[in-house]
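Undergrad: Give me the fold of what follows.
(one chain, ligands or ions: 1)
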Amino acid sequence: MPDQTFIIVGASLAGAKAAEELRSEGFEGRLVLLGDEHERPYERPPLTKDYLRDESPREKAYVHEEGFYSQHQIELITGAPATALDPGRSRVTLGNGRELSYDRLLLATGAEPRRLQIAGADLDGVYYLRTLADCDVLRSRLDASPRVVVIGAGWIGAEFAASARQRGAQVTVIEAASVPLERVLGPEVGRVYAEAHHDNGVELLPLSGVEAFEGNGSVRAVKTTDGRTLECDFVVVGIGVVPRVQLARDAGLEIDNGIVVGPTLVTSAPGVFAAGDVANAWNPFYERRMRVEHWSNALNQGPAAARAMLGRDVSYDRIPYFFSDQYDLGMEYSGFATEWDQVVFRGEPAGGQFVAFWLKNGRVVAGMNVNVWDVNEHVQTLIRSRTEVDLGALTDLDTPLQTIADQGAVTGPSA
Ligand SMILES: Cc1cc2nc3c(=O)[nH]c(=O)nc-3n(C[C@H](O)[C@H](O)[C@H](O)COP(=O)(O)OP(=O)(O)OC[C@H]3O[C@@H](n4cnc5c(N)ncnc54)[C@H](O)[C@@H]3O)c2cc1C
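TA: Model prediction:
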């Protein structure tokens, strides 16, 4: 396809990995990667972890080395938002009015933080954490051993709180649920994180909300819904993200909690694909659509979309996977558990080394290994097998997980 032009909108993980895949799969045409940030593509996980704590160089966060894009004839244009898309004419317009035509286009526009709409929300010192630029501001504010209030104990809030504590900040976390990360992990496993934050000196205010930010120009205090006033130097809000669908919506593409795509990652407009945080994709294994806001989804779905753009057979059916590091708790989670009726542990949660399993009707729907490594593949095999598992074996440290997983894989789905 040497005469064709492929355009990728969104120069972050999904977009950059898609561009890499197009070249490694032999696409010889013109390849344009548009990003509205001023950075070349980088990964976001370090922004709540080692980079935020000043333990790793900025260079380590980038997806590729600086010369990668020119070496592979990828026209990376940064600081260049795509402002309009016309699928009928196969054209995309940039912020400076320039128009580009394409043969295939990938939307990898990601997500952005959900904003708090309360009194004082626009005061200086109320921060969100999504970009390297956001992180640079927070890094320098953490230099002064500040008092920080974190709103929300989801992944971003919980990881930021951990890193801020490790940098010597005084940290209070306001969370609507009873424990951190409860929406995804449930109370049993969320409790492990509540204890870790508590043991590390974070003041956790569960079952509470925020009413207003107070200050004269800059935030100086947070008023909670139960009447407390928490004095602070700054605030970090982590209350989830929303997919960046404006461009797609204005272009008339089907939108429903993200850009709707099938298993081949094509949108409702022929020749236009979507991947990463922005895509609400039909997953054939789960037989439902899912929008996954995790690193590994961007890492794998971007290249899958690239192969689909090249006309290859694609059916994206990966089991969602993510990781998190907080204090000395390193973990990996596999699965997509929206409901479960049982949680069991293999190993002692209090010991900080265990695997938790979420089960529904005796079958594993998700698993999370904490400070236990090289088991994620077995957890995924168990989920895929859809087999009823022997709970005695699953929770017995002397029965290798691989044995149980292999058994499930052989037996196949239970009726
Ligand atoms: C601080 C932080 C820590 C994280 N830690 C973890 C972790 O530990 N584990 C994990 O699994 N996941 C983690 N994640 C989630 C993970 O980073 C995301 O799932 C991933 O970045 C999604 O990649 P993406 O390419 O789909 O979208 P994004 O990373 O959101 O990138 C989309 C890009 O498109 C650009 N863009 C949007 N609209 C336009 C436009 N119209 N024109 C041009 N460019 C546009 C955006 O500016 C952005 O650069 C973390 C996220 C954050 C913010």
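
Undergrad: which residue ranges form the strands in the stretch 51-200 of the chain?
TA: 74-77, 82-86, 91-94, 99-101, 104-107, 111-113, 126-128, 147-151, 170-174 (DSSP state E, counting those that start in this stretch).

Undergrad: how about the ones you listed in a markdown table, adding mean pLDDT and distance to the ligand?
TA: Backbone N, C-alpha and C define where each C-beta goes, glycine included. Output for the strands of the stretch 51-200 of the chain, formatted as a markdown table (pLDDT from 0 to 100; distance: least, CB to the nearest ligand atom, whole Å):
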| stretch | mean pLDDT | distance to the ligand |
| --- | --- | --- |
| strand 74-77 | 98 | 9 |
| strand 82-86 | 98 | 4 |
| strand 91-94 | 98 | 8 |
| strand 99-101 | 98 | 12 |
| strand 104-107 | 98 | 8 |
| strand 111-113 | 98 | 5 |
| strand 126-128 | 98 | 9 |
| strand 147-151 | 98 | 13 |
| strand 170-174 | 98 | 16 |
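
Undergrad: Nearest to residue 288, out of these?
TA: Residue 288 lies closest, by CB to CB, to one member of these: strand 111-113, at 19.6 Å.

Undergrad: what's the offset of that closest one from the middle of its chain?
TA: Its chain's C-alpha centre and that of strand 111-113 lie 10 Å apart, by CA atoms, centre = their mean, to the nearest Å.

Undergrad: can you redo the strands of the stretch 51-200 of the chain as a markdown table with mean neighbour count?
TA: Shown next, in a markdown table, are the strands of the stretch 51-200 of the chain (neighbours: other CB atoms under 10 Å):
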| stretch | mean neighbour count |
| --- | --- |
| strand 74-77 | 18 |
| strand 82-86 | 18 |
| strand 91-94 | 19 |
| strand 99-101 | 14 |
| strand 104-107 | 29 |
| strand 111-113 | 17 |
| strand 126-128 | 20 |
| strand 147-151 | 24 |
| strand 170-174 | 23 |
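
Undergrad: Residue 388: which of those is closest?
TA: In terms of CB to CB, the element of the strands of the stretch 51-200 of the chain nearest to residue 388 is strand 111-113, at 36.2 Å.

Undergrad: And for the closest one, what's in contact with it?
TA: Residues outside strand 111-113 that contact it (CB atoms under 8 Å, 6 or more residues apart in numbering) are 128-130, 237-244, 277-278, 293.

Undergrad: Identify the neighbouring strands of it in the sheet and state each direction.
TA: With DSSP bridges as the test, strand 111-113 is paired with strand 241-243 (antiparallel).

Undergrad: Show the average pLDDT along the strand it pairs with.
TA: On average, the pLDDT along strand 241-243 is 98.

Undergrad: Next, the buried residues of that strand.
TA: Residues 241, 243 are the ones in strand 241-243 that count as buried (16 or more other CB atoms under 10 Å).

Undergrad: And for that strand, what's in contact with it?
TA: By CB under 8 Å, 6+ apart, strand 241-243 touches 109-114, 130, 257-259, 277-278, 280, 291, 293.

Undergrad: go on, stretch 142-149?
TA: For stretch 142-149, contacts defined as CB under 8 Å, 6+ apart pick out 52, 161, 164, 167-174, 222, 230-236.

Undergrad: Now do the contacts for the residue in the stretch 101-250 of the chain positioned nearest to the ligand.
TA: Proximity to the ligand, evaluated over the stretch 101-250 of the chain using CB to the nearest ligand atom, is greatest for residue 110 at 2.0 Å. Contacts of residue 110 were listed using CB under 8 Å, 6+ apart, and they are 10, 12, 14, 243-244, 276-278, 298.

Undergrad: would you turn those into JSON lines with distance to the ligand and secondary structure?
TA: Below are these laid out as JSON lines (distance: CB to the nearest ligand atom, whole Å; DSSP: H, G, I helix; E, B strand; the rest coil):
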{"residue": "10", "distance to the ligand": "3", "secondary structure": "coil"}
{"residue": "12", "distance to the ligand": "3", "secondary structure": "coil"}
{"residue": "14", "distance to the ligand": "3", "secondary structure": "helix"}
{"residue": "243", "distance to the ligand": "9", "secondary structure": "strand"}
{"residue": "244", "distance to the ligand": "5", "secondary structure": "coil"}
{"residue": "276", "distance to the ligand": "2", "secondary structure": "helix"}
{"residue": "277", "distance to the ligand": "4", "secondary structure": "helix"}
{"residue": "278", "distance to the ligand": "6", "secondary structure": "helix"}
{"residue": "298", "distance to the ligand": "3", "secondary structure": "helix"}
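
Undergrad: Going by distance to residue 91, which of those wins?
TA: Comparing these against residue 91 with CB to CB places residue 10 closest, at 17.3 Å.

Undergrad: Quick check: closest non-adjacent residue to that closest one.
TA: Distances taken as CB to CB, 6 or more residues apart in numbering put residue 108 closest to residue 10, at 3.5 Å, once the chain neighbours are dropped.

Undergrad: of all the contacts of strand 241-243, which two lie farthest apart?
TA: Taking CB to CB, the two most distant members of the contacts of strand 241-243 are 130 and 280; they sit 19.5 Å apart.

Undergrad: Is any residue of stretch 19-28 near the ligand?
TA: No. Using CB under 6 Å from any ligand atom, we find that stretch 19-28 stays clear of the ligand, coming within 11.4 Å at best.

Undergrad: quick one on the thing from earlier: in ChimeraX, how would I select the buried members of the contacts of strand 111-113?
TA: The ChimeraX command for the buried members of those (criterion: 16+ other CB under 10 Å) is given here:
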select :128,129,130,237,238,239,241,243,244,277,278,293
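
Undergrad: Show me the two of the contacts of strand 111-113 that sit farthest apart.
TA: Largest pairwise distance in these, by CB to CB, is 21.0 Å, between 237 and 278.

Undergrad: shouldn't residue 275 be in contact with residue 301?
TA: Yes. Contact criterion CB atoms under 8 Å: residue 275 and residue 301 qualify, at 4.1 Å.

Undergrad: Which neighbours do the two have in common?
TA: In contact with both residue 275 and residue 301: 14, 265, 281, using CB under 8 Å, 6+ apart.

Undergrad: Buried residues, stretch 19-37. List them.
TA: Buried residues in stretch 19-37, defined by neighbour count with 16+ other CB under 10 Å: 19-23, 27, 30-37.

Undergrad: Now that stretch: average pLDDT?
TA: What stretch 19-37 shows for mean pLDDT is 98.

Undergrad: re the thing from before, of the strands of the stretch 51-200 of the chain, which is nearest residue 365?
TA: Among the strands of the stretch 51-200 of the chain, strand 111-113 comes nearest to residue 365, with 24.3 Å by CB to CB.
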